[in-house]
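1. A structural model of the following input is requested.
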Amino acid sequence: MAAGRRESDGRPSAAFAIRMVYKGQARLTDLPIHEEIIGDLAMEAEIRGMGIGELVGSLISAMVKNDLLQLVRDDSDSHLRGFERA
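-> As a prediction, this is how the structure comes out:
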């Protein structure tokens, strides 16, 4: 996770990525998270006494544990399909 950058207008910005290592090979995948959601995540993390990275990690772990990744992907795909039709 990278954070602490600033937009050209001086506002703070953040970028999120997942770094996965498997059998000695690493892969970095960007997570496109909207600015408002980042604010929500920061507030939720603060309430829970966690860092944002720790909260995002626990959310991803819970999604994997409860087999929700396909559900999120399906929702994302349907959003993109609807966007393409416009």
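
2. now stretch 45-59: buried residues?
-> 45, 52, 55-56 (16 or more other C-beta atoms under 10 Å). Any C-beta I mention is one placed from the backbone N, CA and C, and that applies to glycine too.

3. which residue packs closest to I38, ignoring adjacent ones?
-> Of all residues not flanking I38 in the chain, A14 sits nearest, at 5.3 Å (C-beta to C-beta, 6 or more residues apart in numbering).

4. that neighbour pairs with what?
-> With DSSP bridges as the criterion, A14 is bridged to A3.

5. what about the nearest residue to A45 once chain neighbours are set aside, helix or strand, and which?
-> Nearest non-adjacent residue to A45, counting by C-beta to C-beta, 6+ apart: L55, 4.2 Å away. Applying DSSP states H and E as the criterion places L55 in helix 52-65.

6. for this protein, what spans make up the strands?
-> In the chain, the segments counted as strands under DSSP state E are 2-6, 12-22, 25-31.

7. on that earlier part again, which of the buried residues of stretch 45-59 sit farthest apart?
-> A45 and V56 (8.4 Å; C-beta to C-beta).

8. on that earlier part again, pLDDT value on the residue nearest to I38, please?
-> Reported pLDDT at A14 in the predicted model: 74.

9. rewinding a little: between strand 12-22 and the helix holding L55, find me the angle.
-> 50 degrees (axes from the mean of the first three to the mean of the last three C-alpha atoms, to 10 degrees).

10. rewinding a little: and of the buried residues of stretch 45-59, the nearest to D30?
-> Using C-beta to C-beta, those come closest to D30 at V56, 12.8 Å.

11. quick check: the closest one touching L41?
-> Yes: judged on C-beta atoms under 8 Å, V56 makes contact with L41 at a distance of 6.7 Å.

12. residue ranges with poor pLDDT in the protein?
-> 1-13, 71-86 (pLDDT under 70).

13. sorry, back to before: between the helix holding L55 and strand 25-31, how many degrees?
-> 100 degrees.
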